[in-house]
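>>> sequence and predicted structure below; questions after.
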Amino acid sequence: MFRQCTRLMICSAFVFTVAACSNNVDTKISKGFESADQVFEQKPKTSTASTEHLQFYLPKDFTIKSSSDETNILLKKGDETFSLFINPHEPKQSKQFYKAIQQKEKDAIVKEQTYEKDGQFGFASVLEDDNHNYRVVASTGGVKITGVSGQQNIDHTIPELMEIAHSVQIKNK
């Protein structure tokens, strides 16, 4: 009887712990989406970084790691790496990246949010990566930025990625 009670208590504690962590992550994701919505609604931040063909805003602690060409840029923040991809042929109202995730990775989506303002379309998605990390995608029109975030940072990562995506401008050639 004692063993059964002990097992029941351990199982109950495990279920409550998993539920609490799940709820905490869900709350952080929701807060991140709310902040990303505010970013999308505002005027893009002033550019603080540039490559030969682009200029964009980089939040504090982000750096350009490399730029393989005019459409692919790797960014770093601490030990995290983010991939910025630009399709200059897509208009601001493009849903190309959103549709691609819906078709190819629908089952991995934990939560997503879409945004529309003044003919511009954007979205943020959080996808399963592994037990303690999530893949975060932020996009506006033909710009997409993707990276992996831990549970503890996800509420900050989502709006930071939206700030970057929302600010990208192609330089005149």
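The structure has been received and is ready for your questions.

>>> what is the least confident helix or strand in the protein?
helix 2-41 (a mean of 69; mean pLDDT, DSSP states H and E).

>>> who does the helix or strand just after that one pair up with?
Under the assignment DSSP states H and E, the closest C-terminal helix or strand after helix 2-41 is strand 49-50. Strands that pair with strand 49-50, judged by DSSP bridges, come out as strand 54-56 (antiparallel).

>>> name the residues that touch the partner strand?
47-50, 70, 73, 84, 86, 164, 167-171 (CB atoms under 8 Å, 6 or more residues apart in numbering). Where you see a C-beta, it was placed from the backbone N, CA and C, and this is true even at glycine.

>>> which of those are buried?
Among the contacts of strand 54-56, those buried by neighbour count (16 or more other CB atoms under 10 Å) are 49, 73, 84, 86, 164, 167-168.

>>> reformat these as CSV; add pLDDT.
As requested, those are exported to CSV (pLDDT from 0 to 100):
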residue, pLDDT
A49, 92
I73, 94
L84, 97
I86, 95
I164, 98
S167, 97
V168, 95
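
>>> quick one: which of the contacts of strand 54-56 is nearest K28?
I164 (19.4 Å; CB to CB).

>>> host element of the closest one?
I164 belongs to helix 154-167, assigned by DSSP H and E.

>>> show me what that helix is packed up against.
When contacts are defined as 3 or more CB pairs under 8 Å, 6 or more residues apart in numbering; DSSP states H and E, helix 154-167 packs onto helix 2-41, strand 80-86, strand 120-128, strand 133-140, strand 143-150.

>>> give me the contacts around it.
Contacts to helix 154-167, defined as CB under 8 Å, 6+ apart, come from residues 25, 28-29, 31-33, 35-36, 38-40, 44-47, 56-59, 62, 75, 77, 82, 84, 122, 124, 126, 134, 136-140, 143-145, 147, 149.

>>> please apply the same query to stretch 30-48.
55-58, 111, 113, 115, 117, 122, 124, 126, 138, 140, 154-159, 161-163, 166-167, 169.

>>> distance from that stretch to the middle of the chain?
Stretch 30-48 has its average C-alpha position 12 Å from the chain's average C-alpha position, going by CA atoms, centre = their mean, to the nearest Å.

>>> could you number the chain from 11 rather than 1 from now on?
Fine by me, first position is 11 from now on; the one you just mentioned is stretch 40-58.

>>> with just CA atoms, put that stretch into CSV.
Taking Å, rounded to 0.1, in the frame of the first residue of the first chain, the C-alpha atoms of stretch 40-58 are listed here in CSV:
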residue,chain,number,x,y,z
SER,A,40,1.8,34.5,-25.6
LYS,A,41,3.8,37.5,-24.1
GLY,A,42,6.3,37.2,-27.0
PHE,A,43,3.5,37.3,-29.6
GLU,A,44,1.9,40.4,-27.8
SER,A,45,5.3,42.2,-28.0
ALA,A,46,5.8,41.1,-31.6
ASP,A,47,2.3,42.6,-32.4
GLN,A,48,3.4,45.9,-30.9
VAL,A,49,6.6,45.8,-33.0
PHE,A,50,4.6,45.1,-36.2
GLU,A,51,2.2,47.9,-35.5
GLN,A,52,4.9,50.5,-35.0
LYS,A,53,7.2,52.1,-37.5
PRO,A,54,10.3,49.9,-38.1
LYS,A,55,13.3,50.8,-35.9
THR,A,56,16.1,52.8,-37.4
SER,A,57,18.8,50.7,-39.1
THR,A,58,21.9,49.9,-37.0
